[in-house]
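> Quick one, structure for this:
(one chain, ligands or ions: 1)
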Amino acid sequence: MVLLFSMPILRPQLFSKKLCDVSPEKCQIAETLNKSPQFTKGRVEFWVRYDFEGALVDILYPSEVFISPSYLEHPYLDVVLAHELGHIEYGVLSSSESDADRFAVKLRGKDRVLAAMSMDGISEKRKNAVKNMKE
Ligand SMILES: [Zn+2]
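Predicted coordinates:
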């Protein structure tokens with residue numbers, strides 16, 4: 001039983017489908033971001049994960065991004081994915097939210113990152129940090 005309960009954590013891919021199989025259009029957004037010259041960590045696999053809400057990089061799979069079906073519909077999906085790529089770029093364990101936000105600003109611009117943040121109930125402190133970033 002313990003094994004069954006721990007499986008979603010150890011193998012999140014079992015609860016996921018490849019983004020490119022779910023939505024070729026959104027896959028294109030992800031692949032374009034992946035190929036940005038600012039991103040130096042190589043090919044990333046993007047998954048739509050059905051057993052959670054949100055977007056994350058799992059420490060066990062540091063070159064894979066998991067996104068829930070609801071987040072796939074996010075109007076600023078590009079910013080969400082750029083943020084997750086920032087966690088990969090700066091290290092899954094070592095990157096802060098601020099590092100990932102900074103990377104999203106690099107890829108998508110400050111205005112777009114702030115617009116995305118205003119939809120997600122992000123703290124004022126984190127928004128102000130983005131406002132003060134250099135583009
Ligand atoms: Zn983050």
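
> drop to CA atoms for contacts and neighbour counts, all remaining ones
Fine.

> any idea which helix or strand carries the residue lying closest to residue 76 once chain neighbours are set aside?
For residue 76, ignoring the flanking residues on the chain, the nearest one in space by C-alpha to C-alpha, 6 or more residues apart in numbering is residue 116 at 5.6 Å. Secondary structure assignment for residue 116, by DSSP states H and E: helix 110-119.

> looking just at contacts, which helices and strands does the helix or strand just after that helix meet?
Moving toward the C-terminus from helix 110-119, the next helix or strand (DSSP H and E) is helix 124-131. Here helix 124-131 touches helix 97-108, helix 110-119, going by 3 or more C-alpha pairs under 8 Å, 6 or more residues apart in numbering; DSSP states H and E.

> buried ones in helix 124-131?
With burial defined by 16 or more other C-alpha atoms under 10 Å, the residues of helix 124-131 counted as buried are 127, 130.

> circling back to that earlier point, for the helices and strands packed on helix 124-131, which one ends up most surrounded?
The highest mean neighbour count among the helices and strands packed on helix 124-131 belongs to helix 97-108 (a mean of 21), with neighbours defined as mean count of other C-alpha atoms under 10 Å.

> ok so, going back, which among the helices and strands packed on helix 124-131 is found nearest to residue 28?
Distances from residue 28 to each of the helices and strands packed on helix 124-131 were compared using C-alpha to C-alpha; the shortest belongs to helix 97-108, at 15.2 Å.
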